[in-house]
Structures are given as C-alpha cells and as structure tokens.
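> here you go, sequence then predicted model.
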Amino acid sequence: MANDRRPDDMVRITTNELADAFIEEQITALREQIGSKKVLLALSGGVDSSVVAAMLIRAVGQQLVCVHVNHGLLRKGEPEQVIEVFRNQMKANLVYVDATDRFLDKLAGVTDPEQKRKIIGGEFIEVFAEEARKLEGIEFLAQGTIWPDILESEKGIKAHHNAGGLPEDMKFELVEPVKILFKDEVRIVGERLGLPAGMVYRQPFPGPGLGVRCPGAITRDRLEAVRESDAILREEFAKNGLEGKVWQYFTVVPDFRSTGIKNGERSFEWCVIIRAVNTKDAMTATVEEIPFSLMQTLVNRITSEVKGVNRVLYDFTPKPTGTIEYE
Ligand code: XMP
C-alpha cells in the first residue's frame, strides 16, 4: 500500500479537493496492489465498509466481490439500501445472504448479553467464510479499518481485528484503503465517491445490531417492535431537524408487559423505551432534551403503529450511570 501509516504532517482532509486527491492516489495504489486478482469485502452498510466498497468499485470494478450478510438484526430498510446503492446504482458484484433464521434460531432463549454478542459475532464469521469458500480465485480481503482503530489497538484499548476469527485455512492479503483516515475524513471521501449522505453521515450502530436493543432473549415479535419503533423515531427526528444533531438515538423493547387500554379493551403489551444521547467519545454521554410536542407525536405514533406496544418511556439516564446501549 502506498500509505501504510498516517504521516505526522498529513493535511486533514476537510475539502472536496483534498478528498478527490486522496481518492486518485488510493485508486492508483489499489490497482497496483490488486492487479487483475479478486478482492472480497464484508459489506455491512456501515460508513467504513461502504466507503471501502465504493473506492474499490471505482478502482477494480467487478474484481471486487461484496458480501452483505443480513443477520436479521439490521434496522428497517438497511439491507434494501445496500442492494439499491451497491448492486443497482454502482453495479457492484454483490452477494446478498439473508441469514435471519440462522441467527435468530441460534439466539433463541439466550439471555446473557455477552453470550448473545459471541453468537452473533461467531455466526457472522461462519456465514461469511461459507460464502467466501463458494468463490474462486479470491486473493485479497478488504477491510474498513480506520486510523482510530489502529491507534486504539496500539494503545491496547481494543483489539483491532476486523478479520479476526476467519478460519486458519483462509489466508488473504489485506486491502485497507481508508486505514490512514479519521472518521470525518472517511465521510467526505464517501460523499465524493457518490454515496448517499444518509449512508455516509449516519449515526453509530453497534455490530450486534438491534440484538442489544431487545434485552434478554430475543423474540421475533419484540425484535419487530424494536425495528418498527426505531424507524418511526428516525423518521420523526429527521422531520424535526434532530438528525445529525443528536449523536445517537434509538429504541429498546424490554422483556416485560404492562396493562393498558386499547380500543376500549384491556391490553397487556410491551413498552418501548426511547434513548437519545450526545457524546464526544462515547465514554460519557448526556441526554438530549426532546421537545414535549415531539415526545407526544412519538408516543401517539408508536402506540398506534407498532404492533404489541401500549406504552412509551423516555430514558433520562446519562452515562454514567447508564451505558448508551442496554446490554
Ligand atoms: P455503550 O453501551 O458501551 O456504547 O455506552 C458506547 C458506543 O458503542 C456502541 N456499542 C457497540 N458497538 N459492538 C459495536 O460495534 C458492540 O457490541 C457495541 N456495544 C455498544 C454503542 O452503540 C455506542 O455508540
């Protein structure tokens, strides 16, 4: 790779011109590294892997094979957006795997949060490896590693192993075209590569997805309630100018029901908890002050549109003492 480390005096990419120059440089380097060989990429639809995909499509076109694994814990509309942007618009070679049943069957009855994470991570690698084995002649594995990942792994804060866990016999040379960039730079580069703003500027979303927002054992009905209420929350935040302003916002559906009244009859249903927080580094967080009228709209929409829900709560807890996610 032309740039293996971020030079100390590297100018921060803050303009379109600087982003374009970076893209040109990387494309030349990628073509040199890859030649006429094939590259594999696990495309989650998150910012980093999406930017890597867009860059590689430009550099080597059909030599890139993207694998999008839908683990059934993605937000509403996400797999569809990945297919629309990468397969339909960018004409990428995209393998879409709907592994929802596989993940949910493995997770059935599992209540321990760390066990849930382990199952989701492990199953992901298995599905990805299975798909990789079906493909012939792959020599490279692309990854959305970014500069903070490298700094954190060097400081021992978190092990940076995006590819970590792939079976021993699967040895690929790594391709990491955004490795020397900070997140804000990755976003500008993504925009210049033609990715939609909604994809490039989206809020952080955890790897285990909606699974950590369905505390305790995941059931399909509660998962659906999380997905639908999250979609309403995102829609209303966008409508009310809060998208891009609030750092992270989502809904949680805990594992208990409460009594209520719906259509004049007793109901015994789930509740939805809304969480909206601001932070700089996710180590501490404060709670966003949502206008009361917006809160009322959210309560009305969620209790009438989301199946199995009769109550909406707002979480006022900062981090600490709460963490941002519930598990
Ligand atoms: P917490 O809950 O620890 O969250 O206050 C801090 C930030 O990290 C995200 N998060 C995760 N991201 N895998 C991820 O990729 C995980 O298991 C995970 N757990 C939390 C969380 O969404 C927040 O942005």
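It's in.
> element containing whichever residue of the stretch 1-150 of the chain sits closest to the ligand?
Of all residues in the stretch 1-150 of the chain, Arg117 sits closest to the ligand, at 5.4 Å by Cβ to the nearest ligand atom. From N, CA and C alone the C-beta is placed, and that goes for glycine too. Applying DSSP states H and E as the criterion places Arg117 in helix 113-134.
> and for that helix, what are the contacting residues?
If you take Cβ atoms under 8 Å, 6 or more residues apart in numbering as the criterion, helix 113-134 is touched by 40, 42, 67, 69, 71, 73, 95, 97, 99, 102-103, 106-107, 110, 138, 165-167, 170, 207-209, 211-212, 215, 218, 327.
> parallel or antiparallel, which strands does the helix or strand that it is followed by pair with?
Following helix 113-134 in sequence order, the next helix or strand is strand 138-142 (DSSP H and E). Strand pairing for strand 138-142, determined by DSSP bridges: strand 38-42 (parallel), strand 173-175 (parallel).
> quick one: the residue of the stretch 1-150 of the chain closest to the ligand from Phe86, how far?
Look at Arg117 and Phe86: by Cβ to Cβ, to the nearest Å, they are 27 Å apart.
> give me the more crowded residue out of these two.
Counted by other Cβ atoms under 10 Å, Arg117 and Phe86 do not tie: Phe86 has more neighbours, with 24 against 16.
> that one: what secondary structure?
Following DSSP: H, G, I helix; E, B strand; the rest coil, Phe86 is assigned to helix.
> mind listing what's buried along the helix or strand hosting Glu228?
Counting by DSSP H and E, the element that carries Glu228 is helix 220-239. Within helix 220-239, the residues scored as buried using 16 or more other Cβ atoms under 10 Å are 222-234, 236-237.
> from those residues, pick the one nearest the ligand.
Looking across those and measuring by Cβ to the nearest ligand atom, the closest to the ligand is Asp230, at 12.6 Å.
> might one say that the closest one is in contact with Gln248?
No - look at Asp230 against Gln248 with Cβ atoms under 8 Å: they stay out of range, at 11.6 Å.
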